[in-house]
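Chemist: missing the sequence, but the structure's below:
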């Protein structure tokens, strides 16, 4: 399944506990990471200029899904950070995301 990944950046930091590395391996091996990357990219294309929390709400997923995948998509040069503005969900300053 990993061949469908948009980018295969490490899903866990070197300093993260072993449980995080095992979870990262699992989400990559079962195809969930790839599916999330594709879904988040589609959401950014559909709703450009939203924050990660706003994207999560529109997608009907946990805020952690776009939060984790947007940096991977940025590394793959599929999305870019935009201006910072007040997020309608978190009511604080947040970066917006745009398709490349």
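Modeler: Received it, and whenever you're ready, just let me know what you need. Not measured: the values here are computed from a predicted model.

Chemist: show me the contacts for the closest residue to residue 85 other than its chain neighbours.
Modeler: Once flanking residues are discounted, residue 85 sits nearest to residue 96: 6.3 Å by C-beta to C-beta, 6 or more residues apart in numbering. Glycine gets a C-beta too; all of them are placed from N, C-alpha and C. Residue 96 makes contacts with 49-51, 81-85, as judged by C-beta atoms under 8 Å, 6 or more residues apart in numbering.

Chemist: quick one, helices of the chain?
Modeler: 18-29, 32-46, 52-59, 64-75 (DSSP state H).

Chemist: got the angle between the first one and helix 32-46?
Modeler: Looking back up the chat, that one is helix 18-29. Inter-element angle recorded for helix 18-29 and helix 32-46: 70 degrees (by axes from the mean of the first three to the mean of the last three C-alpha atoms, to 10 degrees).

Chemist: isn't residue 45 up against residue 100?
Modeler: No. Checked against C-beta atoms under 8 Å, the pair residue 45 and residue 100 is beyond contact range at 10.0 Å.

Chemist: just to revisit the earlier point, the helices of the chain into TSV, with extra columns for distance to residue 6 and mean pLDDT?
Modeler: Formatted as TSV, the helices of the chain follow (distance: least, C-beta to C-beta, whole Å; pLDDT from 0 to 100):
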stretch	distance to residue 6	mean pLDDT
helix 18-29	12	78
helix 32-46	5	96
helix 52-59	16	98
helix 64-75	6	94
